[in-house]
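A.B. asks: Output the structure for:
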Amino acid sequence: MLQRTIQRTLRSIKPFQFTSGIQNRPIAFKVVDCHSKSFDVEGKKGESLLSVCEKFEIEVEAACSGECCCSTCHCYLTEELFNAAEEPDEDELDMLDLAIDLKDTSRLACQTIITDDFEGETIEMAKEVSSALS
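C.D. replies: This next block holds a predicted model:
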């Protein structure tokens, strides 16, 4: 019985993985705001694009404070980044239906999560947004 308990315990222990600062390094990219001003920014993997914009004081309306209930943080990803990013869920797609000047690479900054694929990319914020909350 003791041997079985030890074996179960050993199976449940995850192997040690070496993690260095490289894994958590900042990911550098550009954001072009609604006034065509370009910002060099850095974000951490797993952080939302909206939170990066807020951290760097980039003008984004974000009327719903990132709750995915509006389309005021509408942005355009590059085609490569759009294809690499996780697909938008149904809530985001519903809110994008309210967006002005929707494009094939449109996303909501509050739902777009920073990944390594953002490195060196340029994200454009929509010049005009709909501020109507659903």
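A.B. asks: just checking, A63 touches T72?
C.D. replies: Yes: contact criterion Cβ atoms under 8 Å: A63 and T72 qualify, at 4.5 Å. Where you see a C-beta, it was placed from the backbone N, CA and C, and this is true even at glycine.
A.B. asks: Neighbour count: the two, which is higher?
C.D. replies: T72 (22 against 17; other Cβ atoms under 10 Å).
A.B. asks: My assumption is that that one lies in a strand; please confirm.
C.D. replies: No: counting by DSSP: H, G, I helix; E, B strand; the rest coil, one finds T72 to be coil, located in no strand.
A.B. asks: I'd like the numbering to begin with 661 instead of 1 from here.
C.D. replies: I'll keep to 661 as the first residue from here, and by that count the last item is T732.
A.B. asks: Now it. Nearest residue, chain neighbours left out?
C.D. replies: E721 (3.9 Å; Cβ to Cβ, 6 or more residues apart in numbering).
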